[in-house]
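Peer 1: need the 3D shape of this:
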Amino acid sequence: MFIPLHDGVAMRHLAQPLVTFGFIGLCVLLWLASQGGMLPPVEPLLAAGFGIIPKVVLGDAFLPEDLAQAPTWITPVTSLFLHGNWAHLAGNMLFFWVFGDNVEDSMGHLRFIVFFVACGVMAAFAHALMNVDSIQPLIGASGAISGVIAAYLLLHPHVRIWGLVLKVLPIAVPAWVAIGAWIAVQIFQGFWGTESGVAWFAHLGGLLAGLALTPFFVRPGISIRERWGR
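Peer 2: Next up is the predicted model:
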């Protein structure tokens, strides 16, 4: 497993990645509020009411009327802001911190918001379609962040990323190697793995969404073909 820590790519178009900072801050604040009693516990209450539940979204299941909840149609979005535990939150926010700023820089604030939400929604429905009878809520931003990782791969394939292999060994490798290995893990786990509790098909759905949408969201003049042709 490769844990990214730093890429060193300078911002070219924006002074600060405000959307990236804002999303990380909001996710951390919501998690802290749930831990401090200012909000109901994420699991099970917030997850059930604001996460995406495949059998509710695509099937005939319904939530209890007395449960605080978002309208079903918006749960693919509200689910992006909730995380079950500190490790879940920290892992997602670390990946978003490393990759999000440069993708936001290449798209601009507003287009990056739309891109991120679109990837998250597509990831949520990919998960739901592969688990139509599940009543387990899906929460977390990993599907949307997978779309951001896909965009980074298209935009900065040759950048060297510093990270940890096996959680301890520091190494710098080209983005296409690190992300390519990450994609291989998602595919293997999604189709042949036995590890439960991880929404692998949400990751794959977000990844495909990111690959498909990135060319339509980057700033005019940015050529993905030229960046891969170096």
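
Peer 1: on the three-state scheme, A172 is what?
Peer 2: The local conformation at A172, judged by DSSP: H, G, I helix; E, B strand; the rest coil, is strand.

Peer 1: G37 belongs to a strand?
Peer 2: No. Per three-state DSSP, G37 lies outside any strand segment and is coil.

Peer 1: give the contact list for the residue nearest the centre of the chain.
Peer 2: Geometric centre of the chain, nearest residue: I145, 2.2 Å, by C-alpha atoms, centre = their mean. Shown in contact with I145 (C-beta atoms under 8 Å, 6 or more residues apart in numbering): 92, 95-96, 99-100, 206. No exception for glycine: its C-beta is placed from N, CA and C like everyone else's.

Peer 1: can you select the buried ones among those residues for me in ChimeraX?
Peer 2: Per 16 or more other C-beta atoms under 10 Å, the buried members of the contacts of I145 correspond to this ChimeraX selection:
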select :92,95,96,99,100,206
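
Peer 1: CA atoms of the helix or strand hosting the residue nearest to the centre of the chain as PDB?
Peer 2: Using DSSP states H and E, I145 maps to helix 142-155. In PDB, the C-alpha atoms belonging to helix 142-155 read as follows (Å, rounded to 0.1, in the frame of the first residue of the first chain):
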ATOM      1  CA  SER A 142     -13.500   8.300  -1.100                       C
ATOM      2  CA  GLY A 143     -15.600   7.900  -4.300                       C
ATOM      3  CA  ALA A 144     -15.400  11.600  -5.100                       C
ATOM      4  CA  ILE A 145     -11.700  11.700  -4.100                       C
ATOM      5  CA  SER A 146     -11.100   8.700  -6.500                       C
ATOM      6  CA  GLY A 147     -12.400  11.000  -9.200                       C
ATOM      7  CA  VAL A 148      -9.900  13.700  -8.100                       C
ATOM      8  CA  ILE A 149      -7.100  11.100  -8.200                       C
ATOM      9  CA  ALA A 150      -8.100  10.200 -11.700                       C
ATOM     10  CA  ALA A 151      -8.000  13.800 -12.800                       C
ATOM     11  CA  TYR A 152      -4.500  14.200 -11.200                       C
ATOM     12  CA  LEU A 153      -3.300  11.200 -13.100                       C
ATOM     13  CA  LEU A 154      -4.500  12.700 -16.400                       C
ATOM     14  CA  LEU A 155      -3.000  16.200 -15.500                       C
END
